[in-house]
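> with the sequence up front, the predicted model follows.
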Amino acid sequence: MNRPANLLLALALLATSPALAELRRGPDGTWALAEGRPTDLPADPAERAEILAALNRAQAALDSGRNGEAIGEADDAVDPAEESEAAAQARLIRARARAERRQFEDALADLRWLTSRRIDFPELDAAVDLQLALARRLASGESRRLGGWMPWFADRALALEAYQDALRAAPRGRRSDTALVEHARLALQLERPEDALESLERLVGEHPDSPHLPEVLARLAELRAADSPGPHWDQASAREALLALENLVSQYPSSPEAAAAPARIRELRNQMAASRLRLAEFYWQRRNNPAAARLMAASAITLAPDSDSAKDAGALIARIDAGEEAPATLADRVLGRYPRRAAAAKPSEAAPAAPAFREEPPRAAGER
């Protein structure tokens, strides 16, 4: 890690250090202002005392399982405390109570505010943990409760938003690689391959030591291969899929995903060889360009030497080397052969070089 990154990390750790928190929770479970620390609560002592009292009532209600009451008391602390640390703590209490009542959208809204507006909050890690816990509950299909009591429909897609919230709050956190792979799995289940692809590529780029990489490389390969479903399609995505599978086999040879990779590698190589053979036949038959056709055919053999396409490519090369002309197409009969590109001239046959420019000496004034 470079020096600026080290400095930013140190500042972030310092900002979220409990030693700098303006609130302290005592042994009896009540919140109070830390002595000697500045506070962003209102200056009026009576208003400040009421905010702390509401915060402590909310905490006591949450601890005793009275979640509805905890939400109401937290409301009384959040509104006057505005964006202070006490408001952030009240929002965390309210989010936990709402999560218990399955008011998932409201809980996520509280956590989203907290992780985006108070990145110096001492319990930021706890907020991110709660975001991930809610994402997993939603992903499992747990139903919601309107108002905390009325059964309502499950919304698994909401889990994708919760995962994204957690990743925005802690993009390089200790749980971010797990959040990325869980997000990708759910996106695939919900038939949202673009979202899955984004998370998988991000995991590979940002977490090269993640234990999830074998699974990620295998899933990346399948997603990429799906963009090139056959030899008639562009093979750029097939090449990316092949590279992912070859990396999987070389880097994680003992993984379960690697065991299934060789067969898929063979399929992709055969597909790419068939595509090159199609290009070779196109250049030979349609463009009257045996040199390009031979190059594509040789490439097909290199990609999959044991495939049927390689055998056909070898036969095509033999016909080209024997000087055989491609069968005339209907267009050839009507319009004539496609003009063959002239072969490059040999060095000995190259045009003579132009005479070198010779600078003449300057003339005297009036001289012609």
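Noted; the coordinates are in hand.
> now do stretch 178-187: everything it contacts.
132, 135-136, 139, 156, 159-160, 163-164, 166-167, 193, 195-197, 199-200, 202-203, 207, 210, 212, 215-216, 219 (C-beta atoms under 8 Å, 6 or more residues apart in numbering). From N, CA and C alone the C-beta is placed, and that goes for glycine too.
> what about 6 Å?
The contact list for stretch 178-187 (C-beta atoms under 6 Å, 6 or more residues apart in numbering) reads A139, A159, Y163, A166, L167, D195, A196, S199, L200, R202, L203, H212.
> any chance of those in JSON lines, plus distance to A310?
As requested, the contacts of stretch 178-187 are exported to JSON lines (distance: C-beta to C-beta, whole Å):
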{"residue": "A139", "distance to A310": "45"}
{"residue": "A159", "distance to A310": "47"}
{"residue": "Y163", "distance to A310": "45"}
{"residue": "A166", "distance to A310": "49"}
{"residue": "L167", "distance to A310": "45"}
{"residue": "D195", "distance to A310": "38"}
{"residue": "A196", "distance to A310": "34"}
{"residue": "S199", "distance to A310": "37"}
{"residue": "L200", "distance to A310": "32"}
{"residue": "R202", "distance to A310": "37"}
{"residue": "L203", "distance to A310": "36"}
{"residue": "H212", "distance to A310": "36"}
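> longest helix anywhere in the protein?
helix 256-285 (DSSP state H).
> alpha carbons of the next helix or strand after that one, as CSV, please.
Following helix 256-285 in sequence order, the next helix or strand is helix 290-303 (DSSP states H and E). This file holds the C-alpha atoms of helix 290-303, laid out as CSV (Å, rounded to 0.1, in the frame of the first residue of the first chain):
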residue,chain,number,x,y,z
PRO,A,290,-6.4,-18.0,-50.2
ALA,A,291,-3.6,-16.4,-48.0
ALA,A,292,-6.1,-15.2,-45.4
ALA,A,293,-8.0,-18.4,-45.7
ARG,A,294,-4.9,-20.4,-45.0
LEU,A,295,-4.1,-18.3,-42.0
MET,A,296,-7.5,-18.8,-40.4
ALA,A,297,-7.4,-22.5,-41.1
ALA,A,298,-4.0,-22.9,-39.4
SER,A,299,-5.4,-20.9,-36.5
ALA,A,300,-8.3,-23.4,-36.2
ILE,A,301,-5.8,-26.3,-36.1
THR,A,302,-3.8,-24.6,-33.3
LEU,A,303,-6.9,-23.9,-31.2
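> who does helix 290-303 touch, helix- and strand-wise?
Helix 290-303 sits against helix 256-285, helix 308-321, with contacts defined as 3 or more C-beta pairs under 6 Å, 6 or more residues apart in numbering; DSSP states H and E.
> mean pLDDT, mean neighbour count and distance to D234 added to those helices, as JSON lines?
Formatted as JSON lines, those follow (pLDDT from 0 to 100; neighbours: other C-beta atoms under 10 Å; distance: least, C-beta to C-beta, whole Å):
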{"stretch": "helix 256-285", "mean pLDDT": "96", "mean neighbour count": "19", "distance to D234": "9"}
{"stretch": "helix 308-321", "mean pLDDT": "96", "mean neighbour count": "18", "distance to D234": "17"}
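> how about CSV for these, with distance to A225 added?
Shown next, in CSV, are the helices and strands packed on helix 290-303 (distance: least, C-beta to C-beta, whole Å):
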stretch, distance to A225
helix 256-285, 6
helix 308-321, 17
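> so for L243, which of the ones you listed sits nearest?
Across the helices and strands packed on helix 290-303, the minimum distance to L243, taken as C-beta to C-beta, is reached by helix 256-285, at 9.9 Å.
> quick one: that closest one to chain centroid distance?
On the basis of C-alpha atoms, centre = their mean, to the nearest Å, helix 256-285 sits 27 Å off its chain's mean C-alpha point.
> so that it lines up with my notes, have the first residue be 712 from now on.
All right, first residue 712 from here; so that's helix 967-996.
> what's the closest of the helices and strands packed on helix 1001-1014 to R748?
Of the helices and strands packed on helix 1001-1014, nearest to R748 by C-beta to C-beta is helix 967-996, at 51.4 Å.
> next, the angle helix 1001-1014 makes with the closest one.
160 degrees (axes from the mean of the first three to the mean of the last three C-alpha atoms, to 10 degrees).
> tell me what helix 967-996 is packed against?
If you count contacts as 3+ C-beta pairs under 6 Å, 6+ apart, helix 967-996 packs onto helix 947-962, helix 1001-1014, helix 1019-1032.
> which outside residues touch stretch 840-860?
Contacts of stretch 840-860 (C-beta under 6 Å, 6+ apart): 810, 812-815, 822, 863, 865, 867, 869-870, 873-874, 876-877, 897.
> of these, buried ones?
810, 812-815, 822, 865, 869-870, 873-874, 876-877, 897 (16 or more other C-beta atoms under 10 Å).
> for the helix or strand where R896 lies, what is the average pLDDT?
Assigned by DSSP H and E, R896 belongs to helix 887-900. Mean per-residue pLDDT for helix 887-900: 97.
> quick one: contacts of the next helix or strand after that helix?
Once helix 887-900 ends, the next helix or strand along the chain (criterion: DSSP H and E) is helix 904-917. Identification of contacts with helix 904-917 by C-beta under 6 Å, 6+ apart yields D888, L891, H894, A895, A898, L899, V927, R930, L931, L934.
> apart from its neighbours in sequence, what residue is nearest the last one?
Take L934 and drop its neighbours on the chain: the residue closest to it by C-beta to C-beta, 6 or more residues apart in numbering is L908, 5.2 Å away.
> what is the neighbour count of the one you found?
L908 has 19 neighbours, counted by other C-beta atoms under 10 Å.
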